[in-house]
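1. coordinates only, sequence not included:
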């Protein structure tokens, strides 16, 4: 079997059309998930709890969480693809930074579905409950909200700031920097809402919001806050993904990618 390129087998991808389809498709899916969550979890159309949890945006390990996780992981793959395409054109140091950024987003997607940071925060709480009040544990548990905000949130914040500083000039030249600002901005607001949800006196705040908006059930307020948080995360990931896809389209414009099989692999039967 030869590895020659077969004439007439080249395929061209319209990146502008693909990015547009991804953006519109992501927004449509987000809107659908919001409607499904409202119908099944607020209107209680179906009385089966297991079925409601499938569409519950406020719960982890649901269909919306899976979608959010897949988005972030595809974002990570896109960033690592940028590193791969630019590998011979930029310094090794910059290539490694691009790979680390891709791994960061990939980790965000894995963490989102597996609830890793929440579980690590739970470990701290259980250690304190067993009397393991070390200096580190005491400092971390002084956080008025969820304990994971003490050690995970600053790390995520530093990573986000580092990504902004590293990519600012490149994205500015291509007029893509607004995707970074809006995307990370959505994530920041979402984490702010998450911080509020973990406060000890948050019920008082929820009651004020319920009275102000005229919502009958407290669940309507608590669930609404969680839905807004998760939707902002999905929207932020969508914007970041679109921005990086535009950057990938720029650096890979005109590149030809050839798929080659190893020598000795079975050949495709000829058509007579």
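-> Arrived safely, thanks for sending. Every value quoted in this text rests on a predicted model; they were computed, and no experiment measured them.

2. Now stretch 114-132: average pLDDT?
-> When pLDDT is averaged over stretch 114-132, the result is 65.

3. Could you identify the helix or strand that succeeds the helix or strand in which residue 25 is found?
-> Residue 25 is part of helix 15-37, with elements assigned from DSSP states H and E. Note on helix 15-37: by DSSP H and E, the next helix or strand toward the C-terminus is helix 49-55.

4. and the angle for whichever helix or strand comes after that next one with helix 15-37?
-> Counting by DSSP H and E, the next helix or strand C-terminal to helix 49-55 is helix 63-86. Angle of helix 63-86 versus helix 15-37, following axes from the mean of the first three to the mean of the last three C-alpha atoms, to 10 degrees, is 160 degrees.

5. which sections of the stretch 151-272 of the chain are below the confidence cut-off?
-> In the prediction, the stretch 151-272 of the chain carries residues with pLDDT under 70 at positions 254, 259, 263-272.

6. Do a quick rundown of the strands in it.
-> In the stretch 151-272 of the chain, no strands are found when defined by DSSP state E, counting those that start in this stretch.

7. circling back: give the other helices and strands that the helix holding residue 25 contacts.
-> Packing contacts for helix 15-37, counted by 3 or more C-beta pairs under 8 Å, 6 or more residues apart in numbering; DSSP states H and E, involve helix 49-55, helix 63-86, helix 218-251. (Each C-beta comes from the backbone N, C-alpha and C, glycine too.)

8. would you list the ones you listed in CSV and tack on distance to residue 23 and mean neighbour count?
-> Converted to CSV, these look like this (distance: least, C-beta to C-beta, whole Å; neighbours: other C-beta atoms under 10 Å):
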stretch, distance to residue 23, mean neighbour count
helix 49-55, 23, 15
helix 63-86, 12, 20
helix 218-251, 5, 20
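
9. distance between stretch 36-52 and the chain's centre?
-> 25 Å (C-alpha atoms, centre = their mean, to the nearest Å).

10. With stretch 22-35 instead?
-> Stretch 22-35 sits 14 Å away from the centroid of its parent chain (C-alpha atoms, centre = their mean).

11. For the closest residue to residue 16 other than its chain neighbours, which residues are in contact?
-> Setting aside the residues directly before and after it, residue 16 is nearest to residue 249 in space (C-beta to C-beta, 6 or more residues apart in numbering), at 7.2 Å. Each residue near residue 249 by C-beta atoms under 8 Å, 6 or more residues apart in numbering is listed here: 15-16, 19.

12. Kindly recompute the last result at 10 Å.
-> Counting by C-beta atoms under 10 Å, 6 or more residues apart in numbering, residue 249 touches 13-16, 18-19, 174.

13. Considering the residues you listed, which possesses the most neighbours?
-> Within those, neighbour counts (other C-beta atoms under 10 Å) peak at residue 19, which reaches 17 neighbours.

14. Quick check: closest non-adjacent residue to it.
-> Residue 19's closest residue in space is residue 245 (C-beta to C-beta, 6+ apart), at 4.8 Å.

15. Relative to residue 61, how far out is that neighbour?
-> Residue 245 is 28 Å from residue 61, where distance means C-beta to C-beta, to the nearest Å.
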